[in-house]
Each structure stands twice: as structure tokens, then as C-alpha cells.
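> The sequence and its predicted three-dimensional model are supplied below.
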Amino acid sequence: MSGILDEIRDYIRKELKPERYRHSIGVMETARKMAACHGEEPERAALAGILHDCGKHCSGSDSLRLLEASGYVPDEVERFDPDLLHGRMGALVAREKFRISDAGILSAIACHTTGKSGMSKLDKIIYIADYIEPNRDGDWVSPLRTVAFQNLDRCIILCADCTLTYVMRKGMPIHPDTIRMRNEILMSLGVQGDLHVEHTDRRKNGQSQ
Ligand SMILES: [Fe+2]
Ligand SMILES: [Fe+2]
């Protein structure tokens with residue numbers, strides 16, 4: 001596994017901007033730790049983590065063209081905002097350039113931007129690690145770093161809410177897969193009400209979840 005990781009690390013360092021390289025290493029290391037905590041294979045998570053943004057070297061319009069040529073049919077939101085396709089583009093690069101055939105790893109790379117219905121544990125780990133890796137800063141990230149090692153589903157909801165707030169503030173369309181993921185996981189938790197408030201209250205009271 002270390003041979004392919006080294007090969008990918010060299011590629012990412014060469015093809016992506018320095019801050020994107022640092023972010024990719026951060027996601028790899030965070031995903032590895034989260035996997036060990038949640039009973040997933042750490043090296044599988046590390047591989048998905050370092051690869052998750054490997055499609056970022058392509059512009060949105062190039063990704064749209066290359067993915068269509070590969071047989072993928074983008075939806076209307078992806079056509080409007082093709083930067084959303086960098087996850088799918090990354091999965092294409094992982095498969096074709098690095099010969100990754102593990103469908104679970106390819107899925108985690110492909111869906112890290114929007115989420116999707118029926119997220120696997122590895123999908124959730126990469127989606128969350130993308131938010132909480134050490135190079136991210138801001139008040140919003142600190143509670144997520146705690147919940148990420150306690151409950152993947154609760155953390156997914158908190159991450160999705162950050163995304164939805166950001167997307168709405170920017171006046172951009174919301175990808176339907178993000179809504180499907182959020183609804184499905186929220187309903188599976190069997191709770192109603194504000195997870196943010198609940199988490200904040202628990203932190204105030206010095207309790208863990
Ligand atoms: Fe990304
Ligand atoms: Fe990322």
C-alpha cells in the first residue's frame with residue numbers, strides 16, 4: 001500500500017496547488033484516524049483521503065467534457081456548477097491513472113462533494129475528513145472534530161448544514177444528493193430538533209455524546 005500512496009503523493013504534489021496538497025495530506029491522515037476509531041480499514045481510508053481532490057487539476061468545463069466522454073450523464077445542477085464534478089473526476093483519475101479498482105474507495109472519492117443517498121461508512125469518513133482536517137480553521141470546525149470521533153451520522157448532518165448554509169449564502173443551487181443524504185441520515189437518527197443546539201448545550205454542560 002505504501003508504494004501506491006507514495007506514487008499518488010508525488011502526483012498530487014506536482015499537479016495540485018501547495019495548499020491543496022497540504023489539504024489532501026490532512027484529509028488522508030484524518031481519514032486514517034477516523035477509520036481506526038470507527039472500525040473501517042485505515043489504509044483504505046488513507047488512500048481515498050489522499051485521492052479525494054485529485055480531480056481538482058481539471059477545470060469544471062474540462063471535467064464536464066471528460067466525464068461525458070466516459071459515459072457519465074451530469075444532472076442539471078452539475079451542468080450549472082461543474083466544479084461539483086471534481087469528486088467524480090477524481091474517481092475517474094483514480095481508476096484510470098492509479099488503477100484503483102476498489103468500488104468503495106471510488107465511491108468515497110466520487111461523492112465527497114455532494115454526498116449521496118446510501119452513504120457507506122467509508123463515504124462518510126471521507127466526507128467528514130474533508131471538513132475537519134487540521135488545515136481547516138474557524139469556530140465552526142472545532143465541535144465537528146469532536147463529533148467526528150463519536151458519531152458519524154450526527155457529524156454528517158452538521159457538515160451538511162455547513163454546506164447548505166454556505167451554498168445558500170452564495171446564491172448557488174443545492175445539489176439534490178446533499179438533500180437526499182441529509183434527509184435519509186437525519187430520519188435514521190430518529191431525532192427531531194436542532195442537533196446544533198443539542199450539541200452546544202451538551203458542550204456547555206461538559207457532557208460528551
Ligand atoms: Fe473536494
Ligand atoms: Fe477536499
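Now that the structure is in, tell me what you want to look at. Bear in mind the structure is a predicted one, so any value in this text is a computation, not a measurement. Numbering: from 1, shown residues only. Ligands and ions are numbered 1, 2, ... in the order given.

> Tell me where the model's unsure across this protein.
Under the criterion pLDDT under 70, the flagged ranges of the chain are 1, 191-209.

> cutoff 90 now
Counting by pLDDT under 90, the chain contains low-confidence residues at 1-3, 138-140, 190-209.

> Can you pull up the most central residue in it?
residue 127 (2.5 Å; CA atoms, centre = their mean).

> how about that one, what does it touch?
Taking CB atoms under 8 Å, 6 or more residues apart in numbering as the contact definition, residue 127 lies against 108, 111, 112, 115, 119, 156, 159. C-beta here means a position set from N, CA and C on the backbone, and glycine is covered the same way.

> That one and residue 70, how far apart?
Distance from residue 127 to residue 70, counting by CB to CB, to the nearest Å: 23 Å.

> roughly how far apart are the closest residue to residue 19 other than its chain neighbours and residue 70?
With CB to CB, 6 or more residues apart in numbering as the measure, residue 135 is the residue that lies nearest to residue 19, at 7.5 Å, once sequence neighbours are left out. Distance check for residue 135 against residue 70: by CB to CB, it reads 31 Å.

> now do residue 130
From residue 130 across to residue 70, the span is 23 Å (CB to CB).

> quick one, which of these two is more surrounded?
When neighbours are counted by other CB atoms under 10 Å, residue 130 comes out ahead of the other of residue 130 and residue 70, with 22 against 12.

> The more buried one sits in which helix or strand?
Element membership for residue 130, per DSSP states H and E: helix 121-132.

> Which positions within the helix or strand just after that helix qualify as buried?
Following helix 121-132 in sequence order, the next helix or strand is helix 141-147 (DSSP H and E). Buried residues in helix 141-147, counting neighbours by 16 or more other CB atoms under 10 Å, are found at 141, 143, 144, 145, 146, 147.

> Hmm, the second one is touching residue 161, no?
Read it as residue 143. No - look at residue 143 against residue 161 with CB atoms under 8 Å: they stay out of range, at 11.6 Å.

> rewinding a little: thinking the residue nearest to residue 19 is in contact with residue 23, fair?
Yes - counting by CB under 8 Å, residue 135 does reach residue 23; the two are 5.4 Å apart.

> Contacts only, for residue 112.
Contacts of residue 112 were listed using CB under 8 Å, 6+ apart, and they are 52, 87, 90, 123, 126, 127, 130.

> any idea how far residue 89 is from it?
Distance check for residue 112 against residue 89: by CB to CB, it reads 12 Å.
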